[in-house]
Each structure stands twice: as C-alpha cells, then as structure tokens.
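Novice: Pasted the sequence and its predicted model underneath.
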Amino acid sequence: MAEEGKADEQLFGLLSNLLQQVEALTNQEEVELRSKIEALGLEVTKVPSKSAQPLDELEIAKELDKLSTKLDDVDEMISSTMSADPDVRSLLSSTADVWMPVITATSDERRNFTAPIEGDN
C-alpha cells in the first residue's frame, strides 16, 4: 500500500512540475487546471471512512460513476490543452513514459511500483 502512495505522489508531483513548466512557457497561470489536479490528487489519496454497513452494488456503481466523471473532466482538459498548445503537447509526449504507466496500471500493478532511487533519472 505504501508503494501505491509513493507512485501516486510521484505522478502528482510530475503533473505539478509539468504544469509549472507549461505556465513558464506560456506566461499564463493555469489556475483551473492546477485546482483540478490538486483535487484529483486529494481524491486519489483519500482514505475512505469506515462505513457502518458495506456498500451495496448500486452504491459502488454510483461511486465509480463519480470517479469516471472526474477522470473524464481531467481527460478533456488535457486533450483540449494539448490541441491548443504545441508546447504542452511536446512536454506531455516527451514525459509519457513516466506518467502513462501510472495512470493506466491496474491496482495490482500499481502496488508493484517502486520509487526511483535518488539520483536515478
């Protein structure tokens, strides 16, 4: 579980760094995108509270729908930004080998991620 948290932390650190680079290149502050990345980071790392009763299938489906909607929103923002700004497209493309495996991995695969050794690039 700790490895999964490290992978999440690395992903959102990378996203934050990429956003800072985009802001520096465009001389525009991306407040909305930064806010959504931070909100998604909080959502991903949030520990669910212990429910008095286990969720039934309908409640689980509703929660999954909410998460899917949030991910769709992030996907739409990234896609529209990439199509509008070649610098963003280039930056995301050149770093895809870092972030794509994290966001496309299954939960079991994510548990097997390890943090890079300091100094590894």
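Specialist: Thanks, I have the structure now.
Novice: Quick check: which ranges of this protein have low pLDDT?
Specialist: 1-5, 47-52, 113-121 (pLDDT under 70).
Novice: The lengthiest helix in it packs against which elements?
Specialist: Secondary structure of the chain per DSSP state H: the longest helix is helix 57-84. Helix 57-84 sits against helix 31-45, helix 86-94, with contacts defined as 3 or more Cβ pairs under 8 Å, 6 or more residues apart in numbering; DSSP states H and E. For the C-beta atoms, the positions are set from N, CA and C on the backbone; glycine is no exception.
Novice: out of those, which comes closest to residue 59?
Specialist: helix 31-45 (17.1 Å; Cβ to Cβ).
Novice: Kindly format the C-alpha coordinates of the closest one as PDB.
Specialist: Extracted C-alpha coordinates of helix 31-45, given in PDB (Å, rounded to 0.1, in the frame of the first residue of the first chain):
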ATOM      1  CA  VAL A  31      -5.500  28.200 -12.000                       C
ATOM      2  CA  GLU A  32      -8.300  25.900 -13.000                       C
ATOM      3  CA  LEU A  33      -6.100  23.100 -14.200                       C
ATOM      4  CA  ARG A  34      -3.900  23.400 -11.100                       C
ATOM      5  CA  SER A  35      -7.000  23.300  -8.900                       C
ATOM      6  CA  LYS A  36      -8.300  20.200 -10.700                       C
ATOM      7  CA  ILE A  37      -5.000  18.400 -10.500                       C
ATOM      8  CA  GLU A  38      -4.800  19.100  -6.700                       C
ATOM      9  CA  ALA A  39      -8.500  18.000  -6.200                       C
ATOM     10  CA  LEU A  40      -7.800  14.800  -8.200                       C
ATOM     11  CA  GLY A  41      -4.700  14.200  -6.100                       C
ATOM     12  CA  LEU A  42      -6.700  14.600  -2.900                       C
ATOM     13  CA  GLU A  43      -9.400  12.300  -4.200                       C
ATOM     14  CA  VAL A  44      -6.900   9.600  -5.200                       C
ATOM     15  CA  THR A  45      -5.100   9.600  -1.800                       C
END
